[in-house]
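J.: sequence unknown, structure follows:
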């Protein structure tokens, strides 16, 4: 039986990601739904969060939604317009880096939260070539918390990535630290079906929440690897306030929500 | 003796003089912003081939160069053209069809590689990329590296932190310097000697310029030396790094220049649609690139009405409420 929800999958995904952002966080944002989540957090629950971009703009006013991290819309009324080396230093910096939360997307994710944004098939002769790392590998290497936005499909939640672009927990069990990486990487995965997190000891993905109208079984059907669902609870649905702010203040033209 | 530091030459001549077949070049800007497009189109018109191209995240310029068959090797972090093409279309096709060799890095790695080149260092360390396929998968083979003195023998190297566990890092990842033959960037203001003032984000343009043997600057405004010297704090590139200055208003079109004009989302979409189909793409190139003798003629095809639409609002630096496709 299918019940119609008073919100769209994109809306609940945006709200779920926004709830991860705490007041005072420095939010590393891409474009599209990730930027909308950052704006929603700022307007709903984290007024003193700061949005920043790998291109070097920090705390931009964003009177209009940017369509790229190099959109001139992010350069207006920023605290500073710097450059790439500064932006990545902000993430590596021991004081500011600790406050950074990143929002990333990917073509594939594995059970350890490693991401592929490079290719499907063999690297040297790929079936499908994607844009590549950009700053994804850097931010996944440097900062303690990352939100991954994904469509929940079997071909995206895979046993083995075709290419490991951005490191999560690598092979689990402390292998991230052994490789030389700081603690961090993808810490939460927000999809159109639910919210996943990673076990502190094993580094493996588990189901934390499933959305109203979705079952853990459905999530497992759409995941290629085995996943612990024993800790899963039903999500508190987006509130009226959250939805109103998202719709009326963050994206009134529905440039991203539609 | 009177100083005669005047580097102003026409763009066509600057490209002829500095960009040769098989040159190692880098272009400035980021995805849909401040790409040196007039220079890119001139390279295409001059049918320069076998280029080795370096960029961090590039979009429009990179995809036009690849689409025109100018590039044989590419070292990059990201190829995307904003909303019109989240992955650059000609780039993806060229990689999938094995028409170009691509080697992947991250944005920070590429920025540090340019910075190392600018500093005269062989490499710089970072804590990015341990455990990733960026570290282990090479796009340029060992034998090719050995046989080409312009390409470093190893892609990336991990070493133990020579300072023990200082700052908590057990290991460092070393990225090798890049020193391109030519870097081309587009800026808001330059003077005849080559001093530049960039407004808005500088991306990695400054590092790219300083790493390069030759540098071509295209500029929106060619201003008197006095204008730039009155506010030296606003200048990022001093003239000593620059080989040629070309005055090309709208020289980054169809990408954006903060404070001057927005990206032309309509043009970028048209390019993306054409890029998906060989016949359409050839027609697109014949009309907009080969059908124009220079950037001015190209802009005549675009028309003043479209330019007016993308012209930046002086308050925000972009075109307010512009319809974006």
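T.: Everything's here; your move. Remember, it's a predicted structure, so these values are computed and weren't measured experimentally. Numbering: from 1, shown residues only, chains lettered A, B, ... in the order given.

J.: which residues touch the closest residue to residue B:144 other than its chain neighbours?
T.: Take residue B:144 and drop its neighbours on the chain: the residue closest to it by Cβ to Cβ, 6 or more residues apart in numbering or on different chains is residue B:151, 6.8 Å away. Quick note: C-beta positions are derived from backbone N, CA and C, even for glycine. By Cβ atoms under 8 Å, 6 or more residues apart in numbering or on different chains, residue B:151 lies in contact with B:52, B:140, B:144-145.

J.: Put the buried members of those into a PyMOL selection.
T.: To isolate the buried ones among the contacts of residue B:151 in PyMOL, judged by 16 or more other Cβ atoms under 10 Å in any protein chain shown, type:
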select buried, chain B and resi 52+140+145
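
J.: just for the stretch 151-300 of chain B, where's the confidence low?
T.: Within the stretch 151-300 of chain B, no stretch has pLDDT under 70.

J.: give me the residue from it nearest chain A.
T.: residue B:171 (3.4 Å; Cβ to the nearest Cβ).

J.: Give me the nearest residue to that residue, chain neighbours excluded.
T.: Using Cβ to Cβ, 6+ apart, the closest residue to residue B:171 is residue A:180 (3.4 Å).

J.: quick revisit: closest to chain A among the contacts of residue B:151?
T.: For the contacts of residue B:151, the nearest to chain A is residue B:140 (10.7 Å; Cβ to the nearest Cβ).

J.: what's across from residue B:53 in the sheet?
T.: Listed by DSSP bridges, the beta-bridge partners for residue B:53 are residue B:25, residue B:74.

J.: dump the residue contacts of it.
T.: B:25-27, B:62, B:65, B:71, B:73-76.

J.: would TSV of the residues you listed with distance to residue B:106, neighbour count and pLDDT be doable?
T.: What follows is those, written out as TSV (distance: Cβ to Cβ, whole Å; neighbours: other Cβ atoms under 10 Å in any protein chain shown; pLDDT from 0 to 100):
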residue	distance to residue B:106	neighbour count	pLDDT
B:25	21	26	98
B:26	16	31	98
B:27	18	28	98
B:62	16	27	98
B:65	22	25	98
B:71	20	26	98
B:73	18	20	98
B:74	15	25	98
B:75	12	24	98
B:76	10	25	98
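
J.: Tell me the one of these nearest residue B:179?
T.: Nearest to residue B:179 out of those is residue B:26 (Cβ to Cβ; 9.8 Å).

J.: The closest one touches residue B:54, doesn't it?
T.: Yes. Taking contacts as Cβ atoms under 8 Å, residue B:26 lies within contact range of residue B:54: 4.2 Å.

J.: who touches both of the two?
T.: Here residue B:26 and residue B:54 have B:114, B:178, B:180, B:208 as joint contacts, going by Cβ under 8 Å, 6+ apart.

J.: Make a markdown table from those residues and add secondary structure to it.
T.: Formatted as a markdown table, the shared contacts of residue B:26 and residue B:54 follow (DSSP: H, G, I helix; E, B strand; the rest coil):
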| residue | secondary structure |
| --- | --- |
| B:114 | helix |
| B:178 | coil |
| B:180 | coil |
| B:208 | helix |
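
J.: Give me the below-cutoff pLDDT ranges for the stretch 1-150 of chain A.
T.: A:1-3.

J.: which residues in chain B form strands?
T.: Counting by DSSP state E, chain B has these strands, from start to end: B:24-27, B:51-54, B:57-58, B:71-76, B:78-79, B:101-104, B:123-126, B:157-160, B:171-176, B:182-190, B:196-197, B:214-222, B:244-247.
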